[in-house]
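[1] what would the 3D arrangement of this be:
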Amino acid sequence: MSAENDRGRASLGSVEGLDSPKGKGSVPTLFSPPAMAKAPHKTVEMSNAETHKPSSGDSKKKLSKEELRVLRTRNIGIIAHIDAGKTTVSERILFITGRSHKVGEVHDGEATMDYLEEEQKRGITITSAATTCDWRKHTISLIDTPGHVDFTAEVERSLRVLDGAIGVFCGVAGVQPQSETVWRQANRYKVPRLAFVNKMDRTGADFDGAVESMRIRLGAVPVPLQMCIGAEREFKGVIDLVEMKAYTWEDDAKDVSITDIPAGLLEEAERRREEMIDSVAEFEDSVLEKFVEGEAVPVEDLKLAIRKGTNLLKITPVLAGSAFKDKGVQNVLDAVVDYLPAPSEVTAMEGLHPDTGETIARPMVAGEPFSALIFKTISDPNGDLTFMRIYTGEIKQGEKYYNPRTRRPERVGRLLRMHAGQREPQDFARAGDIIAVVGVKDTVTGDTLCERDHPVVFEAMSFPETVISVAIEPKKNADRDKLGTVIGKLVREDPTFKARTDEQTGQMIISGMGELHLEVICNRIKSEFKVEVHVGKPKVAYKQTLKAAKSVDARHVKQTGGSGQFAVAKVNFTPNEEVEAVEFVDKITGGSVPREYIPSVGAGIKAAAEGGGRTGYPYVKFTAELHDGQSHDVDSSNMAFEAAGVLAFRLAAENNSVLLEPIMHIEVESPEQYTGDVIGDLSSRRGAIDEMVTKPGGLTAVSGKVPLGEMFQYSTSLRSMTQGRGHYSMEPHSYQPVPASIAEKILEGE
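    Below is the predicted model of the structure:
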């Protein structure tokens, strides 16, 4: 089952009473616009009055308390490039909603959502943190995700379980490399998004330029819902093009003033509103009809059109502001409530029956059995925290639930609602909730928990392969067992962190997504788990492939007195760029190899390829076609044919191997005067420049491809070249052959 099948969008319903006035913890009443000042209804009915507009013939439908709770729930994440302001937006959301009583600043190491010691030291988000807050009587579960490519797995697993997201973009830089990566991840899981153009008060900020970069670099259809009042140091506020009101902030004031649009900006605001309506009219018949006839479009109808377009993934509403100065974040919260879906507005979650493979749909309606997907595990001295998204049913503290992968029940010790590093005990949790549990032992990221009598397996997440390794060993022999236990916990916690023991040296080798990833892991081992370690130099995760096609005749024949071993496998090996690892093809005709032995040949070939032969670098990107062979009635066995498969691969790889290295896509931003130095340095590292783009503020962005093996300690070199004013980002691009002269040195261990 593909990820594309499990996140389709349902048609949008309508509920009256959801947009009641902002409750406890809201900003001063000065913020509340007149449209939000209605008294809440005592009975909740389906009605045309709200943004959730019903289909004809269903204008009044009473909702249960549970249905209303789900409709008032939003599960969202914040995604962006590093330093675009994700955590700052999160901190303002917590403060504005009353969840926090003090704004934690990232640069002071006091951000609530960056609660790990490593995050506070470095001023970056390393692990996704979850919290819950309230806005306009809606409950918002919020996950703040990392922006650095080394921690992209955190974004992947968060988006897998979220119903919506806020993409944060820098008003100066627009779409940056990691913004593209997280946007593709959100596309893969069909997550509706809002865009927030942040830092509009910075020198070089350009709202229209940022919107255009979304169109060009993301292939998105951005629809601005606001127009900026001023820019850079003159940024005063925004004009809401939906309600046609001006939201302005004084320089040092956190309170917003809502007024009519200034006369000098009214004409442009009306023009931009027409463009906005033109972009969304097709999603709601009443809006299209009035727009074509030149009539005024009611605000509620317009909101419904925007909501439908957003949740069908056809458009991305765009807002603007400056989170650091508390400007515009309230509008983002309103947009989350107005335009992003409730859990029940997403189509039924689909899974498979663990025994029959039958497709099972689990709609979020009352009476469905419990089912949840595990998306994150955190090691903790007081008991590992296991995070889950509940799709249907209810989970209770102390009860047992079934894990189809292990075929065993898991007892839930405690239920916790998380506020970053803080925990709030819960007796139960229900469909639509994101919750943490303590006490499950054998359940890991990607597992499903369900009821034994109603089993289902939801599709898990896929994670990128590791690209860099280091050797690690304890400083004291007495800590060797403890280090093994710690590494085991970290592997369970992080799907992109791997560990193995080198058979030749006996050293423990740990692998990750980049230098920073492994550096953070090693620091955690020392500071969090109190194990002092020696860490070797980083090594690149090279791979190998076959140089040319080769046909082999592998004969595994042994006679030791009793029954012997006999297996002959004739295999054609062909390099194949279309496959990721190894493709085994059965072309046996006439029964020359009995059917029960054929999988063993494939298993032997794959095991030998993964082992990497003399160098230890795994072989990938080739097809092995078994076309003939021989067997013996007595001496043939699965073990013999697996050994023949191993031998076949060794014969194919002998003097027929090419070393492959990971190639990274890199983008470097620096002041224009240093561009020549940057390009020269990348060229000396065997880099190939693809593009140079002039950006606002006298910056130049240089992008291209460069071998990972040449990029160790690059951040230090870049700081030196640009007097500390340059920065870069990298992400894996592909594997390419290593030049022969360099491959020789690598294989010799130089």
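[2] hey, what's residue 691 bridged with?
    On the basis of DSSP bridges, residue 691 is bridged to residue 703.
[3] can you read off the pLDDT for it?
    Here, the pLDDT recorded for residue 691 equals 92.
[4] so what's it up against?
    Residue 691 is in contact with 701-704, counting by C-beta atoms under 8 Å, 6 or more residues apart in numbering. All C-beta spots, glycine's among them, are computed from the backbone N, C-alpha and C.
[5] low-scoring stretches of the chain, by residue?
    1-61, 100-116, 119-120, 123, 251-254, 504, 560-562, 749-750 (pLDDT under 70).
[6] in it, where's the longest helix?
    When the chain is parsed with DSSP state H, its longest helix is helix 263-280.
[7] show me where the stretch 51-200 of the chain has its helices.
    Remark: helices assigned in the stretch 51-200 of the chain by DSSP state H, counting those that start in this stretch are 65-71, 86-96, 117-122, 152-161, 177-188.
[8] reformat these as a markdown table; add mean neighbour count.
    Below are the helices of the stretch 51-200 of the chain laid out as a markdown table (neighbours: other C-beta atoms under 10 Å):
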| stretch | mean neighbour count |
| --- | --- |
| helix 65-71 | 17 |
| helix 86-96 | 27 |
| helix 117-122 | 16 |
| helix 152-161 | 25 |
| helix 177-188 | 21 |
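[9] could you give me the ChimeraX syntax to select whichever of the contacts of residue 691 are buried?
    The buried subset of those, as determined by 16 or more other C-beta atoms under 10 Å, is captured in ChimeraX by this line:
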select :701,702,703,704
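[10] pick the one among the contacts of residue 691 closest to residue 558.
    Distances from residue 558 to the contacts of residue 691, taken as C-beta to C-beta, are shortest for residue 704 (53.7 Å).
[11] now do the phi/psi pair for the closest residue to the closest one other than its chain neighbours.
    Excluding its sequence neighbours, the residue lying closest to residue 704 (C-beta to C-beta, 6 or more residues apart in numbering) is residue 689, at 4.2 Å. The phi/psi pair for residue 689 (degrees, to the nearest 10) reads phi -80, psi 130.
[12] give the contact list for residue 689.
    Residue 689 neighbours (C-beta under 8 Å, 6+ apart): 679, 682-683, 702-704.
[13] contacts only, for residue 648.
    Going by C-beta under 8 Å, 6+ apart, the list of residues near residue 648 reads 552, 554, 569, 571, 573, 601, 604-605, 624.
[14] which residue ranges form the strands in the stretch 201-350 of the chain?
    222-224, 226-229, 237-240, 245-249, 256-259, 316-320, 349-352 (DSSP state E, counting those that start in this stretch).
[15] list the neighbouring strands of the shortest one plus their orientation.
    Taking DSSP bridges as the criterion, strand 222-224 sits next to strand 316-320 (parallel) in its sheet.
[16] okay if I get the helices of the stretch 51-200 of the chain as a markdown table plus distance to residue 533?
    Formatted as a markdown table, the helices of the stretch 51-200 of the chain follow (distance: least, C-beta to C-beta, whole Å):
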| stretch | distance to residue 533 |
| --- | --- |
| helix 65-71 | 47 |
| helix 86-96 | 29 |
| helix 117-122 | 16 |
| helix 152-161 | 23 |
| helix 177-188 | 30 |
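[17] about what we covered before: okay, the angle between the longest helix of the chain and strand 316-320?
    Orientation check (axes from the mean of the first three to the mean of the last three C-alpha atoms, to 10 degrees): helix 263-280 against strand 316-320 gives 160 degrees.
[18] tilt between helix 263-280 and strand 245-249?
    Using the same axes, to 10 degrees: helix 263-280 against strand 245-249 is 120 degrees.
[19] residues in contact with helix 263-280?
    221, 223-225, 227, 229, 239, 241-242, 244, 246, 261, 287, 291, 297, 302, 305-306, 309, 315.
[20] so which two of the contacts of residue 689 are the farthest from each other?
    683 and 703 (13.9 Å).
[21] next helix or strand past whichever strand in the chain runs longest?
    Secondary structure of the chain per DSSP state E: the longest strand is strand 657-671. Note on strand 657-671: by DSSP states H and E, the next helix or strand toward the C-terminus is helix 675-684.
[22] buried ones in that next one, by neighbour count?
    675, 677-679, 681-682.
[23] among those residues, which one lies nearest to residue 721?
    residue 677 (4.8 Å).
[24] let me know how buried the nearest residue to that closest one once chain neighbours are set aside is, in neighbour terms.
    Of all residues beyond its chain neighbours, the one nearest residue 677 is residue 721 (4.8 Å), with distances taken as C-beta to C-beta, 6+ apart. As a burial measure, residue 721 scores 18 neighbours (other C-beta atoms under 10 Å).
[25] same question, residue 673
    Other residues lying near residue 673 total 12 when counted by other C-beta under 10 Å.
[26] tell me how many other residues crowd residue 476.
    11.
[27] re the thing from before, CSV for the buried residues of helix 675-684, including distance to residue 432?
    Below are the buried residues of helix 675-684 laid out as CSV (distance: C-beta to C-beta, whole Å):
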residue, distance to residue 432
675, 50
677, 53
678, 48
679, 51
681, 51
682, 48
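[28] phi, psi for residue 746 please.
    phi -60, psi -50.
[29] is it true that it touches residue 542?
    Yes - Residue 746 sits in contact with residue 542 when judged by C-beta atoms under 8 Å, with a separation of 6.7 Å.
[30] wait, residue 405 sits on residue 457?
    Yes - with contact defined as C-beta under 8 Å, residue 405 reaches residue 457; the gap is 7.3 Å.
[31] skipping adjacent residues, who's closest to residue 212 in space?
    Leaving aside its sequence neighbours, residue 212 sits nearest to residue 174 (C-beta to C-beta, 6+ apart; 7.8 Å).
[32] got the contact list for the one you found?
    206, 209-210, 212-214, 217, 695.
[33] again, only this time at 10 Å
    81, 84, 197, 205-207, 209-214, 216-217, 695-696, 701 (C-beta atoms under 10 Å, 6 or more residues apart in numbering).
[34] and if you look at residue 171?
    84-85, 196-202, 204-207, 209-210, 228, 231-232, 235, 320-322, 696.
[35] and residue 323, by the same measure?
    Contacts for residue 323 were tallied using C-beta under 10 Å, 6+ apart; they are 84-93, 168, 196, 198-200, 329, 332.
[36] taking the contacts of residue 648 one by one, which sit in strands?
    Using DSSP E, these in strands are 552, 554, 569, 571, 573, 624.
[37] ok, of those residues, which one's closest to residue 463?
    Closest to residue 463, out of all of the ones in strands among the contacts of residue 648 and judged by C-beta to C-beta, is residue 624, at 25.8 Å.
[38] A strand includes residue 437, no?
    Yes - assigned with DSSP: H, G, I helix; E, B strand; the rest coil, residue 437 falls within a strand.
[39] can you report how many residues neighbour it?
    Using other C-beta under 10 Å: residue 437 sits among 27 other residues.
[40] pull up the distance across stretch 494-508, start to finish.
    17 Å (C-alpha to C-alpha, to the nearest Å).
[41] give me the phi and psi angles of the residue nearest to residue 596 when sequence neighbours are not counted.
    Nearest non-adjacent residue to residue 596, counting by C-beta to C-beta, 6+ apart: residue 638, 7.2 Å away. When read as degrees, to the nearest 10, the backbone of residue 638 gives phi -60, psi -40.
[42] residue 638 and residue 602 touch, don't they?
    No - using C-beta atoms under 10 Å, residue 638 is not in contact with residue 602, being 11.4 Å away.
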